[in-house]
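J.: just the structure for this:
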Amino acid sequence: MTFKKPPFGIFYGWLVVAAAFVITFVGFGSAYTFSSFFESFQHEFGASRGSVSLVFSLAGFLYFALGIVSAPLADRYGVKVLSAAGMILVGSGLILAGRAQSIMQVYAAYSVGIGFGIGSAYVPALGAVQRWFVIRRGFASGLAVSGIGVGTLLLPPFATWLISHIGWRSAYTTLGIITIILGILAALLMEDDPAKRGLQPDGAHSTPASQAHAPQSGLSVGQAVRTRRFIELYLASLIGALGVFVPFVHLAPYAIDHDASAATAVWLLGAIGIGSTAGRFFLGGIADKMGRERFLVAMYIGMAASFAIWAVSSSVYPLALFAIAFGLFYGGWVAILPAVVADMFGGRQAGRIIGVLYTSVAVGALIGPSAAGFAYDVSQSYLIPITASVVLNVIAAIITVMAAYRPAASKAD
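T.: Got it, this is the predicted structure:
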């Protein structure tokens, strides 16, 4: 095989990582501005917390569930096309949400637009990153998805500032335009596979050992999903995700209930972004050294411990501690899960297998935040959903241990 020299001495895989970073930054960052608009939706449409929470839950369900469709489409049409289309959908969904005249129109614009948009771009982009790296897969995945953390840190406060100056409707329009422009520019940098550029995974770090585990090796989707390891990993992701997305919707309202200002409450969401960014930037490299499967177990335990902090917090400083700690472990979880999939089942169809696995996260994103909102409507308290989140993440850790120590299989076991 003839190898092409990387432009300016930079391994092109890092440009793919940078593109994935921007896509996750504008995609998830825009989606996680939802808490900034929470009160506006309640006041504008006279909606309960449960019904407003359902907007985010439907979007979350779609953008994780659609990976099972977008990954095969990316194999056919290319990750560049899927990423660009997804970012256009996200931006359009935001713009249309700003023009909604009822909560049902918000469901359609935000949930369908953002849900289908992120669902089209996220899994294909992550799958591409897995194919560009083997040795440094955990680190590369962490950098790619750290865009979610940075977006969570920067975009909700930016949205709050926009709302205070130009109103919530114009704020959504502004976010939508920014998302479309940055998203398309990032999509142009995406590349499906290093072989298309005459390269091997890891670039200069490529070794005979890494070549032996190149993306062409591994199980097919059909073989992978029938293994006990996949079933256990799927159950762990489903159970853990039921609690994982609750803070993104309910931390700000919880803080306001405990006498925090709206601006402070949104900055708590930004604190999740700070922790999440640290987790994605720095923990991925640690995972490569300590073992990515054991690292995943530690992330579930860490999230359970952080929810325990939230359960006993009633003022801003303990809530900030929770937000940073939760963000750290949540960021590590998101960063390492795709790499664990590629490690367990090989890179040949990693994107498709990740897409199937993420349907479990989709169910958790659909049920968790909305259930927490309706639980609050009934009990006027968040204690039940927060406590449940502790228990669920402990169970997820136990199941992941079972998957991690189960012998690998070349076929369905």
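J.: every contact and neighbour count from this point should use C-alpha atoms.
T.: OK.
J.: what about the strands in the protein?
T.: Listed in chain order, the chain contains no strands at all (DSSP state E).
J.: center of it, which residue is that?
T.: Closest to where the C-alpha atoms of the chain average out (CA atoms, centre = their mean) is Val334, at 5.9 Å.
J.: excluding chain neighbours, what is closest to it?
T.: Once flanking residues are discounted, Val334 sits nearest to Val145: 7.2 Å by CA to CA, 6 or more residues apart in numbering.
J.: who touches the one you found in this structure?
T.: Going by CA atoms under 8 Å, 6 or more residues apart in numbering, Val145 touches Ala20, Phe21, Thr24, Arg280, Val334, Ala335.
J.: and what of Pro253?
T.: Listed by CA under 8 Å, 6+ apart, the contact partners of Pro253 are Ser35, Ala265.
J.: next one: Gly203
T.: So Gly203 contacts Phe11, Gly13 (CA under 8 Å, 6+ apart).
J.: Ala236 now?
T.: Ile395, Ala396, Ala397, Ile399, Thr400.
J.: count the residues that sit near Gly176.
T.: Applying other CA atoms under 10 Å, we find 26 residues neighbouring Gly176.
J.: burial measure for the closest residue to it other than its chain neighbours, as a count.
T.: Leaving out its chain neighbours, the residue that sits closest to Gly176 by CA to CA, 6+ apart is Gly91, at 3.8 Å. The number of residues packed near Gly91 is 29, by other CA under 10 Å.
J.: and if you look at the one 10 residues further on?
T.: Summarising burial for Gln101: neighbours were counted as other CA under 10 Å, giving 11.
J.: so who does it touch?
T.: By CA under 8 Å, 6+ apart, the contact list for Gln101 is empty.
J.: could you check how far it is from Thr173?
T.: 15 Å (CA to CA, to the nearest Å).
J.: and what of Ala84?
T.: 19 Å.
J.: looking at these two, which is more packed in?
T.: Legend: neighbour count by other CA under 10 Å for Ala84 and Thr173, higher for Ala84 (24 against 20).
J.: touching, that one and Ala187? I think so.
T.: Yes: if you go by CA atoms under 8 Å, Ala84 and Ala187 touch, sitting 5.2 Å apart.
J.: shaky segments in this protein?
T.: Scanning the chain for pLDDT under 70 picks out 1-9, 204-217, 284-285, 347-348, 407-413.
J.: name the single longest helix found in it.
T.: Of all the elements of type helix in the chain, the one with the most residues (DSSP state H) is helix 137-187.
J.: if we can go back for a sec, redo the contacts of Val145 as TSV? Include distance to Gly203.
T.: Putting these into TSV (distance: CA to CA, whole Å) gives the following:
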residue	distance to Gly203
Ala20	18
Phe21	19
Thr24	24
Arg280	22
Val334	24
Ala335	21
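J.: most neighbours among those, please name it.
T.: Arg280 (33 neighbours).
J.: out of the contacts of Val145, flag the one nearest to Asp202.
T.: Closest approach between the contacts of Val145 and Asp202, by CA to CA: Ala20, at 16.4 Å.
J.: the closest one touches Leu185, doesn't it?
T.: No: between Ala20 and Leu185 there is no contact under CA under 8 Å: 11.1 Å.
J.: can you count the residues close to Gly260?
T.: That one is not Gly; residue 260 is Ala. Neighbourhood size, Ala260 [other CA under 10 Å]: 17.
J.: spatially nearest residue to it (excluding sequence neighbours)?
T.: Nearest non-adjacent residue to Ala260 (CA to CA, 6+ apart): Val316, at 6.9 Å.
J.: now swap in Leu321 and tell me
T.: Using CA to CA, 6+ apart, the nearest residue to Leu321 is Ile309, at 7.9 Å.
J.: burial measure for that neighbour, as a count.
T.: Ile309: 19 neighbours (other CA under 10 Å).
J.: now stretch 274-293: buried residues?
T.: Under the neighbour-count criterion of 16 or more other CA atoms under 10 Å, stretch 274-293 has 274-285, 287-288, 292-293 buried.
J.: which one of those residues is nearest Ile324?
T.: When the buried residues of stretch 274-293 are compared for distance to Ile324 (CA to CA), Gly275 wins out at 4.4 Å.
J.: so what's the closest one up against?
T.: If you count contacts by CA under 8 Å, 6+ apart, Gly275 has them with Gly149, Ala323, Ile324, Ala325, Phe326, Gly327, Leu328, Phe329, Gly331.
J.: picking up where we left off before, now, of the contacts of Ala236, which are buried?
T.: Those of the contacts of Ala236 that meet the buried threshold are Ile395, Ala396, Ala397, Ile399, Thr400, by 16+ other CA under 10 Å.
J.: can I get stretch 176-186 in PDB? Just the C-alpha atoms.
T.: Listed next in PDB are the C-alpha coordinates belonging to stretch 176-186 (Å, rounded to 0.1, in the frame of the first residue of the first chain):
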ATOM      1  CA  GLY A 176     -29.600  27.700  15.000                       C
ATOM      2  CA  ILE A 177     -27.600  29.800  12.600                       C
ATOM      3  CA  ILE A 178     -24.400  29.300  14.500                       C
ATOM      4  CA  THR A 179     -25.000  25.500  14.600                       C
ATOM      5  CA  ILE A 180     -25.500  25.300  10.900                       C
ATOM      6  CA  ILE A 181     -22.400  27.300   9.900                       C
ATOM      7  CA  LEU A 182     -20.000  25.600  12.400                       C
ATOM      8  CA  GLY A 183     -21.500  22.200  11.800                       C
ATOM      9  CA  ILE A 184     -21.100  22.200   8.000                       C
ATOM     10  CA  LEU A 185     -17.500  23.500   8.300                       C
ATOM     11  CA  ALA A 186     -16.700  20.600  10.700                       C
END
